[in-house]
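A.B. asks: I need the structure of the sequence given here:
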Amino acid sequence: MSEGVKMVSVNRKARHDYSVEDSYEAGLVLMGSEIKSIRAGKVNLRQAFVQFRDGEAWVHDMHITPYERGGYANHEAMRPRKLLLHRAEIEGLRAQVAQKGFTVIPLSLYLKGGRAKVEIALAKGRKLYDKREAIAEREAERDMARASKRGREDY
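C.D. replies: As a prediction, this is how the structure comes out:
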């Protein structure tokens with residue numbers, strides 16, 4: 001990420017469970033207590049997903065811990081939150097999701113220029129054997145990098 005961007009939360013499990021096809025940056029419609037909790041880093045994206053309703057994109061199951069000093073004006077931790085995307089992006093994503101196997105998931109949440117942004121991705125679920133294959137490829141690349149770094153072939 002570039003300067004002025006503070007990473008708040010990353011969904012590490014997403015790249016393991018899904019193969020990412022395309023990613024987008026979206027803004028979030030938040031309450032005051034939610035942005036304060038986000039700045040404190042109290043966010044969990046693990047089970048989050050995006051749904052489309054009435055021409056709008058909504059992120060569900062994104063847990064933002066209620067602000068400690070929120071009082072009566074505090075927010076619900078798991079409420080659906082509206083994503084701010086261009087109309088063409090929403091329609092394109094919705095058409096892709098209509099195809100079998102595609103879904104939209106959040107990859108990360110960060111602060112950019114004082115505003116909360118979420119990186120969402122069009123992804124396809126991986127089967128167990130695909131996950132094992134990806135792990136094997138990653139380990140093979142790591143072994144090759146180690147071997148070339150040492151300057152000799154051990155294999």
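
A.B. asks: hey, where'd the strands end up in the chain?
C.D. replies: For the chain, applying DSSP state E gives strands covering 5-10, 18-28, 43-44, 49-53, 56-60, 63-64, 81-84, 102-112, 115-125.

A.B. asks: so of those strands, which one's packed in deepest?
C.D. replies: By mean neighbour count, with neighbours taken as mean count of other C-beta atoms under 10 Å, strand 63-64 ranks first of those at a mean of 22. Using the backbone N, CA and C atoms, a C-beta is placed for each residue, glycine as well.

A.B. asks: show me what stretch 7-27 is in contact with.
C.D. replies: Contacts made with stretch 7-27 from outside it, assessed by C-beta atoms under 8 Å, 6 or more residues apart in numbering, are listed as 1, 38-39, 41, 43-46, 48, 57, 83-85, 89, 93, 96, 102-103, 105-111, 115-126, 130-131, 134.

A.B. asks: please apply the same query to stretch 121-135.
C.D. replies: Residues from elsewhere that reach stretch 121-135, judged by C-beta under 8 Å, 6+ apart: 14, 16-24, 93, 96-97, 101-107.

A.B. asks: please repeat the previous calculation with a cut-off of 6 Å.
C.D. replies: Contacts with stretch 121-135, where a contact means C-beta atoms under 6 Å, 6 or more residues apart in numbering, come from 18-23, 96, 101-105, 107.

A.B. asks: most centrally placed residue in the chain?
C.D. replies: Leu107 (1.6 Å; C-alpha atoms, centre = their mean).

A.B. asks: who does the closest residue to that one other than its chain neighbours bridge with?
C.D. replies: Nearest in space to Leu107, with sequence neighbours left out and distances taken as C-beta to C-beta, 6 or more residues apart in numbering, is Glu119 at 4.6 Å. Bridge pairing for Glu119 (DSSP bridges) gives the partners Glu25, Ser108.

A.B. asks: which residue sits closest to Val43, ignoring its sequence neighbours?
C.D. replies: Nearest-residue entry for Val43: Ser9, 4.2 Å, with adjacent residues in sequence omitted and distances by C-beta to C-beta, 6+ apart.
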